[in-house]
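Asker: got a structure for you, letters missing:
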């Protein structure tokens, strides 16, 4: 494909995606998290960010961050699928990817004030509690 055709191809792709993705799916936006917990056999702090896609109370949130432990840093990624009960809790499941480890977990978040929630993740050999801002 030549450079002159690239904008045309991008426009066509955008038109196809906008026609195939339902209007009810909306990007809720960026969010940030800070958690303290145990992962990869060590206690430490997770600092991360994600981007939520919502549809009728359900959300899919991919994210990434750094895990600070014992003076060392380690990158991690995660993806969560959740359902929010209006004006109440958010419950769901996720998977955390770090090094060679994939840790599935359950998640629960409770609102403190608008856009700020207390959150807990619990799974085999992974658990964390913290705060989420945004989404």
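Answerer: Good, I have the coordinates. Note that the coordinates shown come from a computational prediction; the quantities given were computed from them, not determined experimentally. Numbers count the residues shown, from 1 in each chain.
Asker: Could you measure from residue 54 over to residue 77?
Answerer: In this view, residue 54 and residue 77 are 20 Å apart by Cβ to Cβ, to the nearest Å. Using the backbone N, CA and C atoms, a C-beta is placed for each residue, glycine as well.
Asker: Looking at the two, which one has more neighbours?
Answerer: Counted by other Cβ atoms under 10 Å, residue 54 and residue 77 do not tie: residue 54 has more neighbours, with 18 against 15.
Asker: would you say the more buried one is within a strand?
Answerer: Yes: per DSSP: H, G, I helix; E, B strand; the rest coil, residue 54 lies within a strand segment.
Asker: Quick check: beta-bridge partners of residue 69?
Answerer: residue 72 (DSSP bridges).
Asker: what's near enough to touch it?
Answerer: Residues near residue 69 by Cβ atoms under 8 Å, 6 or more residues apart in numbering: 40, 42, 43, 44, 45.
Asker: Out of these, which sit inside strands?
Answerer: With DSSP state E as the criterion, strands contain 42, 43, 44, 45 from among the contacts of residue 69.
Asker: just these now: which is nearest residue 122?
Answerer: residue 43 (15.1 Å; Cβ to Cβ).
Asker: For that closest one, which non-adjacent residue is spatially closest?
Answerer: In space, and not counting its chain neighbours, residue 43 is closest to residue 69: 6.7 Å by Cβ to Cβ, 6 or more residues apart in numbering.
Asker: Contacts for stretch 101-111 next, please.
Answerer: So stretch 101-111 is contacted by 39-40, 80, 82, 87-96, 117-127, 132 (Cβ under 8 Å, 6+ apart).
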